[in-house]
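1. next one to model:
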Amino acid sequence: MVPTILIVDDEKHTREGLRQTLEDSYDIYLASSADEAFNLLEAETFDVIVTDLRMPGKSGLKVIDKALTLPNRPTVIMMTAYGNVETAVEAMKRGAYDFLTKPINLEKLELLIQRALKSRDLETENRRLHERLDEKFSFKGFIGQAEGLRRVIERVKLVAPTKATILIEGETGTGKELVAQALHQNSGRSQQPFITVHCAALPATLLESELFGHEKGSFTGATERRLGRFETADGGTLFLDEIGEISLTTQVKLLRFLEQRTFERIGSSKPMKVDVRLIAATNRDLEEMVREGTFREDLYFRLNVVKIILPPLRERTADIPLLLDHFVREFARENEVEPPTFSRGALLRLQDYRWPGNIRELRNFAENAVVLYRGQNVTEFDLDQKYLAVPSESTATAGGEAVARTPEPSLSVEENEKRLLREALLKARGNRTKAAQLMGISRRTLHRKLAEWPDVDVVDR
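-> Take a look at the predicted model:
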């Protein structure tokens with residue numbers, strides 16, 4: 001699309017001269033006054049405005065003011081025959097991109113317009129990026145309807161706008177960093193840095209330097225001063241993942257920051273003060289670590305101002321189909337293929353699985369399914385064996401294959417029998433004669449039970 005430029009000047013020969021210079025590359029509109037420019041701004045969308053400062057009636061500064069009120073605000077370049085420092089400063093304060101004095105250097109003007117367009121494109125892309133971040137990490141970005149997740153969302157809504165230190169607890173793969181990003185994105189710091197440090201990824205000596213920075217010569221290899229993550233996160237949020245892995249020495253320095261909001265670079269005695277909101281996360285039991293003496297109790301209380309506990313995926317089984325559909329569609333778009341679908345039986349088996357890796361493991365499963373089964377219907381017969389096994393204390397064997405025979409104490413006799421029958425049918429890949437052998441019952445009995453319990457049959461209808 002050809003960029004549009006509005007030229008505002010009360011001198012006709014200036015307007016026409018600029019039109020002739022620029023019309024080969026741009027779509028040019030002309031206005032002889034600020035009021036005429038206002039009318040055009042209401043009717044058209046412009047990328048750049050080139051306006052004179054002094055005109056009869058309203059000045060070019062009013063044109064700047066008007067431009068700043070527009071939804072798709074154009075970039076404004078000011079020009080005047082009365083160029084001086086005060087005028088330039090006033091125009092820039094009002095929102096002008098740059099300033100030119102008359103007579104206009106046409107090459108400089110064209111260069112300035114090109115830079116203004118690039119600057120506007122960057123601003124537009126930055127705005128779109130923030131909109132995408134807001135959408136991704138807004139409360140709508142949490143996928144699922146489980147009660148545990150709803151409690152997490154309510155707590156995020158409540159504490160995100162505050163300055164409180166947050167401790168996020170949850171097993172590996174439950175989405176702790178996603179929650180931390182949502183807390184940041186829905187706070188007053190959302191336009192400032194969000195800095196992440198994975199504490200377990202660095203040895204204690206390097207982690208201390210990573211967090212607090214160091215002075216040149218403070219230790220072997222410190223060839224120059226380095227700013228730590230606390231300084232780079234100034235005004236924003238610092239997320240410390242796997243906080244339970246930090247050494248006792250680093251714990252002392254972290255405690256000092258939380259108490260005094262100051263720290264010192266390694267090799268310096270000068271206190272540094274920054275405005276940083278701290279969010280920490282752990283998959284370990286910090287209270288147990290306090291009892292063992294490996295984590296400071298005073299630091300634990302400072303971190304645990306507000307606690308958010310993420311439920312494991314095995315406690316959100318109803319959310320598994322929703323999450324799977326989301327991830328499958330995401331990876332299908334990335335790979336430009338048709339997403340696979342999942343049979344009722346496959347979904348039931350996936351909901352029975354314990355998911356020790358939680359959402360991260362489910363996401364990996366979804367990517368694997370997209371790669372292997374693009375556009376196909378995935379049945380339980382297509383799943384790896386680990387998704388088919390029902391945990392039990394013992395198994396009975398028949399025909400060289402195992403079938404779980406230990407009842408689940410929380411289930412009724414009928415529910416246990418249904419579970420075992422379905423397990424046998426699955427292992428027999430739908431062969432009812434073989435399933436009856438695995439169960440140790442006659443084929444007639446198996447048929448009678450399937451007629452009584454049609455929902456048990458593994459063959460999807």
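2. counting neighbours, what do you get for Leu426?
-> By the measure other C-beta atoms under 10 Å, the count of residues near Leu426 is 21. C-beta: built from backbone N, CA, C; applies to glycine.
3. just Glu292 next, same as before
-> 9.
4. average pLDDT across stretch 374-387?
-> Computed over stretch 374-387, the mean pLDDT rounds to 87.
5. next, the buried residues of that stretch.
-> Val378, Thr379, Glu380, Asp382, Leu383, Tyr387 (16 or more other C-beta atoms under 10 Å).
6. now find how far off-centre that stretch is within its chain.
-> Centroid separation for stretch 374-387 versus its chain: 29 Å, with C-alpha atoms, centre = their mean, to the nearest Å.
7. what's it in contact with?
-> When contacts are defined by C-beta atoms under 8 Å, 6 or more residues apart in numbering, stretch 374-387 is touched by residues 332, 335, 337-343, 345-346, 348-350, 353, 369, 373, 388, 426, 429-430, 458, 460.
8. in CSV: the buried residues of stretch 374-387, plus secondary structure and distance to Ser269.
-> Below are those laid out as CSV (DSSP: H, G, I helix; E, B strand; the rest coil; distance: C-beta to C-beta, whole Å):
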residue, secondary structure, distance to Ser269
Val378, strand, 62
Thr379, coil, 67
Glu380, helix, 65
Asp382, helix, 64
Leu383, coil, 61
Tyr387, helix, 58
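9. which pair of those residues spans the longest distance?
-> Thr379 and Tyr387 (11.7 Å; C-beta to C-beta).
10. narrow the contacts of stretch 374-387 to those in helices?
-> Per DSSP state H, helices hold the following members of the contacts of stretch 374-387: Ala332, Asn335, Gly345, Ala346, Leu348, Arg349, Leu350, Ala369, Leu426.
11. contacting residues around the fifth one?
-> Looking back up the chat, that one is Leu348. Glu380.
12. separation between it and Gly236?
-> 44 Å (C-beta to C-beta, to the nearest Å).
13. on that earlier part again, which of the ones in helices among the contacts of stretch 374-387 lies closest to Ser218?
-> For the ones in helices among the contacts of stretch 374-387, the nearest to Ser218 is Asn335 (48.0 Å; C-beta to C-beta).
14. rewinding a little: so which two of the ones in helices among the contacts of stretch 374-387 are the farthest from each other?
-> Asn335 and Leu426 (29.6 Å).
15. what about stretch 242-251, average pLDDT?
-> 94.
16. buried sites along that stretch?
-> Glu242, Ile243, Gly244, Glu245, Ile246, Thr250, Gln251.
17. which residues of the stretch 1-150 of the chain fall in helices?
-> 12-22, 34-43, 60-68, 85-94, 106-136, 147-159 (DSSP state H, counting those that start in this stretch).
18. show residues contacting the last one.
-> It refers to helix 147-159. Contacts for helix 147-159 (C-beta under 8 Å, 6+ apart): 139, 142, 166, 179, 182-183, 186, 306, 308-311, 315-316, 319.
19. so Leu450 lies in a helix, does it not?
-> Yes: assigned with DSSP: H, G, I helix; E, B strand; the rest coil, Leu450 falls within a helix.
20. quote the end-to-end distance of stretch 342-357.
-> Taking C-alpha to C-alpha, to the nearest Å, stretch 342-357 runs 21 Å from one end to the other.
21. check stretch 260-268 too.
-> 17 Å.
22. show me how far that stretch is from its chain's centre.
-> Distance, centroid of stretch 260-268 to centroid of chain: 31 Å (C-alpha atoms, centre = their mean).
23. may I see the buried residues of it?
-> Phe263, Glu264, Arg265, Ile266.
24. burial count for Val456?
-> 17.
25. let me fix that, I meant to ask about Gly148.
-> Gly148: 14 neighbours (other C-beta under 10 Å).
26. right, so the helices of the stretch 1-150 of the chain: which one is the most enclosed?
-> helix 60-68 (a mean of 20; mean count of other C-beta atoms under 10 Å).
27. export the buried residues of stretch 374-387 as a markdown table, with columns for distance to Ala34.
-> Shown next, in a markdown table, are the buried residues of stretch 374-387 (distance: C-beta to C-beta, whole Å):
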| residue | distance to Ala34 |
| --- | --- |
| Val378 | 65 |
| Thr379 | 70 |
| Glu380 | 72 |
| Asp382 | 69 |
| Leu383 | 70 |
| Tyr387 | 70 |
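28. between these, which is closest to Glu123?
-> Val378 (44.5 Å).
29. can you list the low-confidence ranges for the chain?
-> By pLDDT under 70, the low-scoring segments of the chain are 82-85, 88, 125-141, 389-413, 416, 457-461.
30. show me it divided up by domain.
-> 4-131, 139-309, 314-387, 395-456 (automatic domain parsing).
31. picking up where we left off before, in JSON lines, list the buried residues of stretch 242-251 along with distance to Arg150.
-> JSON lines is the format used below for these (distance: C-beta to C-beta, whole Å):
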{"residue": "Glu242", "distance to Arg150": "26"}
{"residue": "Ile243", "distance to Arg150": "26"}
{"residue": "Gly244", "distance to Arg150": "27"}
{"residue": "Glu245", "distance to Arg150": "30"}
{"residue": "Ile246", "distance to Arg150": "32"}
{"residue": "Thr250", "distance to Arg150": "36"}
{"residue": "Gln251", "distance to Arg150": "34"}
